[in-house]
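K.L.:
got a sequence here, can you model it:
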Amino acid sequence: MGARSALRRALSVVATVAAVVTATAVGQAGALPPDTAPLRLITFGDLHGNLLPAQGPRSDVVRSDGQSVPAGGAAYLAAYVRQLRGQADDSLLYAVGDSWGSSPIESALFHDEPTVEFLNDLDVTAAALGNHEFDNGFAELQRLRDGGCHPESGCQFTETFEGATFPFLGANVTTSDGVPAALPFDISYVDGIPVGAIGILPHNTPEYIRHDAIEGLRFGDEIEAVNRTADILDSLGVRSIILLFKGDIASRIDSDPCSLDNGRAKTITSTISPHVDLIVTSDGDGQFNCSYPDPAGNQRTVLQGASHGRILSVADIAIDRTTRDVVRDRTVAFNQVITHDITPDPRTEDFVARVADKASDTAAREVGRIAADITRDPSASGESALGNLVADAQLAATAPLGAQIALTNPGGLRGDLYYDDDGAITYGEAYGVQPFGNLLQILELTGAQLTAVLEQQFQTDVAGADHERILAPSHNLHYTLDRLAPAGQRVRDITVSGAPLEPAATYSVAVNDYLAGGSDGFSVFAEARSRIGAGEELTALTTFLSSPTPCRPPARDRIHMH
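P.N.:
Numbering: from 1, shown residues only. This next block holds a predicted model:
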């Protein structure tokens, strides 16, 4: 079935309350009453186009027994999905945002069409949108949904591209004139019983996307959108509802994510409509399986699995055939690690091998050498060797155009550089560090504005929790950091090339266009009076790595701790 057919089918759901997506089920522990319909819900999130197993820190998962095991990879993910679905009479499979975007070169080189084809083959029921699906703009997202060759490079992976056979969900995404930019929900049927799925993104999603990529789009309040959509589904007779939430509600994953003291989780789960029976979230490496009371006081399961295809979150639910609602106390949920001790799915394995082979000439090209591992591991100050290396590379690329210093965002670094054999680094490995295709810009900022930028490293998230985004500075920018000082006074003793920063002086600062637009909470960058384009950030990195002398990890000594 083509993508346009899938879209017409999904739209007909909204108009006629008729969905044409098959549902799924499994028997739970113990015999179910005859007046209930069993259903297995399978979800995964933050795949990020990882068709091959992720490398580095995201290559493993720590199991409940404390053992760290290799995990992930499309062929193993498909094997587990098919095994889990084979154990059930009825099942539904959902993707919970960031299915592609910041993808490895195997997928990204072909505009993530291989990842869409993989999800089609998995028979994904519906996919909630995340911020990374918008990385290359709304028009490109629509193309991946509806099909057609890329407008500039054409069809490079296959002769034609049919698009997704599943709907994209985003209940709080609209155009500037209020028209929905994505379907708010999907409806599937289990033994004639409707099951609804709502997709949602955080309202501050624009902070994590280049502004030009989402021009004309609006991201509304997520709680209001969920509650409104749940009411619509309920009015249509849909009583069994799952929420696919692209966001991390566990603000203290390092302690007890299920604690009722977890402010973000408590706020979300106690506010979202009681019509919603199950919440699956997705954001980063944290995994959990919790239960919280909804606004009506009834317990509701909340699940999250690890990113990059390393965990499937599974919920076996029972639906009352009379009320058509989920019998919540019969829900059995678990997170299944995608281990490598299962036979990989042969069809997917062949597909991934074909993708990797088509990308190999570009991916395997050597671009430089390193003398030791250069990673994102942060020091106490928040610096990383890789961040400092990238900032130095950006300064080297932009200094001929007048740049005096460079700053880069830690979230823009998606992989590490590992020393292996002779220290050779391939284009694919460099691409894995900076896969966004960002362009460099040189901004004119006063010393006072630069100080304000550095103060914006200390932020408050949507849940009111304090957090940091420490920008990586080039080698000639130094300052002292005092986390215990009052807000607005945490950065001092700033020097540029050894000279004290002058508040009234003008400085030329190189950043990527993501930061230049004010993303990641650095709004002061958007106030710059002058901008000069300075090429691609990935080109700056590969050029820097091509030095005749292998690159060594830069010292993490540019930010001094008070």
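
K.L.:
just for the stretch 251-400 of the chain, where's the confidence low?
P.N.:
Residue ranges of the stretch 251-400 of the chain with pLDDT under 70: 251-257, 259-266, 284.

K.L.:
and the strands in the stretch 101-250 of the chain, which stretches?
P.N.:
126-128, 168-169, 173-175, 185-190, 193-200, 217-219, 240-245 (DSSP state E, counting those that start in this stretch).

K.L.:
quick one: closest of those strands to P500.
P.N.:
Judged by C-beta to C-beta, the one of the strands of the stretch 101-250 of the chain that comes nearest to P500 is strand 217-219, at 41.2 Å. C-betas here are computed from N, CA, C, even on glycine.

K.L.:
I'd like the average pLDDT over that closest one.
P.N.:
The average of the pLDDT scores along strand 217-219 is 94.

K.L.:
what lines up beside that strand in the sheet?
P.N.:
Strand 217-219 pairs in its sheet with strand 173-175 (antiparallel), by DSSP bridges.

K.L.:
how about the partner strand: buried residues?
P.N.:
173-174 (16 or more other C-beta atoms under 10 Å).

K.L.:
neighbouring contacts of that strand?
P.N.:
129, 180-182, 201, 216-220 (C-beta atoms under 8 Å, 6 or more residues apart in numbering).

K.L.:
which of the residues you listed fall within helices?
P.N.:
The helices, defined by DSSP state H, take in nothing from the contacts of strand 173-175.

K.L.:
let me know the closest of those to G432.
P.N.:
Of the contacts of strand 173-175, the one sitting nearest to G432 (C-beta to C-beta) turns out to be L129, at 23.3 Å.

K.L.:
how close does the residue lying closest to the closest one once chain neighbours are set aside get to Y418?
P.N.:
Sequence neighbours aside, G170 is the residue nearest to L129 in space, at 4.2 Å (criterion: C-beta to C-beta, 6 or more residues apart in numbering). The gap separating G170 from Y418 is 36 Å, by C-beta to C-beta, to the nearest Å.

K.L.:
quick one: closest of the strands of the stretch 101-250 of the chain to A139.
P.N.:
Closest to A139 of the strands of the stretch 101-250 of the chain is strand 217-219 (C-beta to C-beta; 11.2 Å).

K.L.:
how about that closest one: buried residues?
P.N.:
217-219.

K.L.:
and the longest helix for the protein?
P.N.:
From DSSP H, the single longest helix across the chain is helix 346-363.

K.L.:
returning to what we had before: need the strands of the stretch 101-250 of the chain in CSV (columns: distance to D112).
P.N.:
What follows is the strands of the stretch 101-250 of the chain, written out as CSV (distance: least, C-beta to C-beta, whole Å):
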stretch, distance to D112
strand 126-128, 12
strand 168-169, 13
strand 173-175, 19
strand 185-190, 21
strand 193-200, 18
strand 217-219, 19
strand 240-245, 19
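
K.L.:
of all those, which one is nearest L119?
P.N.:
The nearest among the strands of the stretch 101-250 of the chain, by C-beta to C-beta, is strand 126-128 at 6.8 Å.

K.L.:
mind listing the strands that closest one pairs with, and their directions?
P.N.:
Strand pairing (DSSP bridges) places strand 126-128 next to strand 91-96 (parallel), strand 168-169 (parallel).

K.L.:
wait, isn't G309 in contact with N50?
P.N.:
Yes: judged on C-beta atoms under 8 Å, G309 makes contact with N50 at a distance of 5.2 Å.

K.L.:
closest to S176 out of the buried residues of strand 217-219?
P.N.:
Nearest to S176 among the buried residues of strand 217-219, with distances taken as C-beta to C-beta, is R218, at 6.0 Å.

K.L.:
identify the bridge partners of the closest one.
P.N.:
Going by DSSP bridges, R218 forms beta bridges with T174.

K.L.:
quick one: contacts for it?
P.N.:
173-176, 178.

K.L.:
would JSON lines of those with pLDDT be doable?
P.N.:
Below are these laid out as JSON lines (pLDDT from 0 to 100):
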{"residue": "V173", "pLDDT": "96"}
{"residue": "T174", "pLDDT": "95"}
{"residue": "T175", "pLDDT": "92"}
{"residue": "S176", "pLDDT": "87"}
{"residue": "G178", "pLDDT": "88"}
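
K.L.:
closest one of these to G412?
P.N.:
V173 (23.2 Å).

K.L.:
leaving out the residues flanking it, which one is nearest to the closest one?
P.N.:
A181 (4.4 Å).

K.L.:
what about G170 and Y418, which has more around it?
P.N.:
G170 (29 against 15; other C-beta atoms under 10 Å).

K.L.:
thought that one was touching I198?
P.N.:
No: using C-beta under 8 Å, G170 is not in contact with I198; the gap is 9.6 Å.

K.L.:
list residues touching both of those two?
P.N.:
With C-beta under 8 Å, 6+ apart, G170 and I198 have common neighbours P184.

K.L.:
now the phi/psi pair for I494, please.
P.N.:
phi -80, psi 130 (degrees, to the nearest 10).

K.L.:
circling back: got the strands paired with strand 126-128 as a markdown table, with mean neighbour count and mean pLDDT columns?
P.N.:
Formatted as a markdown table, these follow (neighbours: other C-beta atoms under 10 Å; pLDDT from 0 to 100):
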| stretch | mean neighbour count | mean pLDDT |
| --- | --- | --- |
| strand 91-96 | 26 | 97 |
| strand 168-169 | 27 | 97 |
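
K.L.:
what residues does the most centrally placed residue in the chain make contact with?
P.N.:
The chain has D98 as the residue nearest its centroid, 4.2 Å off, counting by C-alpha atoms, centre = their mean. By C-beta under 8 Å, 6+ apart, the residues touching D98 are 45-48, 130-133, 246, 282, 307.

K.L.:
need the three-state assignment for it.
P.N.:
coil (DSSP: H, G, I helix; E, B strand; the rest coil).

K.L.:
output the below-cut-off pLDDT ranges for the stretch 1-150 of the chain.
P.N.:
1-33.

K.L.:
please enumerate the helices of it.
P.N.:
3-16, 74-86, 105-108, 113-122, 138-146 (DSSP state H, counting those that start in this stretch).

K.L.:
do the stretch 451-562 of the chain as well
P.N.:
Using DSSP H, counting those that start in this stretch, helices in the stretch 451-562 of the chain cover 513-516, 537-545.

K.L.:
how about those, which one is nearest D345?
P.N.:
helix 537-545 (32.3 Å).

K.L.:
just the CA trace of the closest one, in CSV.
P.N.:
The C-alpha trace of helix 537-545 is given here as CSV (Å, rounded to 0.1, in the frame of the first residue of the first chain):
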residue,chain,number,x,y,z
GLU,A,537,30.4,22.3,10.2
LEU,A,538,31.1,18.8,9.0
THR,A,539,33.6,20.1,6.4
ALA,A,540,35.3,22.1,9.1
LEU,A,541,35.7,18.9,11.2
THR,A,542,37.0,16.7,8.4
THR,A,543,39.4,19.4,7.3
PHE,A,544,40.7,19.7,10.8
LEU,A,545,41.1,16.0,11.1
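
K.L.:
show me the contact partners of it.
P.N.:
Against helix 537-545 from outside (C-beta under 8 Å, 6+ apart): 367-370, 389-390, 392-394, 396-398, 408, 412, 425, 427, 430-431, 433-440, 512, 551.

K.L.:
can you give me the helices in the stretch 201-350 of the chain?
P.N.:
Under DSSP H, counting those that start in this stretch, the stretch 201-350 of the chain gives helices at 222-235, 263-271, 346-363.

K.L.:
for the last one, list every residue counted as buried.
P.N.:
With burial defined by 16+ other C-beta under 10 Å, the residues of helix 346-363 counted as buried are 348-349, 351-352, 355-356, 358-359, 363.

K.L.:
hmm, back to that, and the pLDDT for the residue nearest to L129?
P.N.:
Per-residue pLDDT puts G170 at 96.

K.L.:
thinking again about what came up before, let's see the longest helix of the chain as CSV, backbone CA atoms only.
P.N.:
Provided in CSV are the C-alpha atoms of helix 346-363 (Å, rounded to 0.1, in the frame of the first residue of the first chain):
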residue,chain,number,x,y,z
PRO,A,346,17.2,-12.7,7.8
ARG,A,347,15.2,-10.5,5.6
THR,A,348,16.1,-7.4,7.6
GLU,A,349,19.7,-8.5,7.8
ASP,A,350,19.9,-8.8,4.0
PHE,A,351,18.2,-5.3,3.7
VAL,A,352,20.7,-3.6,6.1
ALA,A,353,23.6,-5.3,4.4
ARG,A,354,22.4,-3.9,1.1
VAL,A,355,22.1,-0.4,2.6
ALA,A,356,25.5,-0.5,4.2
ASP,A,357,27.1,-1.8,0.9
LYS,A,358,25.5,1.1,-1.1
ALA,A,359,26.9,3.6,1.5
SER,A,360,30.3,2.0,1.9
ASP,A,361,32.3,3.9,-0.7
THR,A,362,31.4,7.2,1.0
ALA,A,363,31.3,6.0,4.6
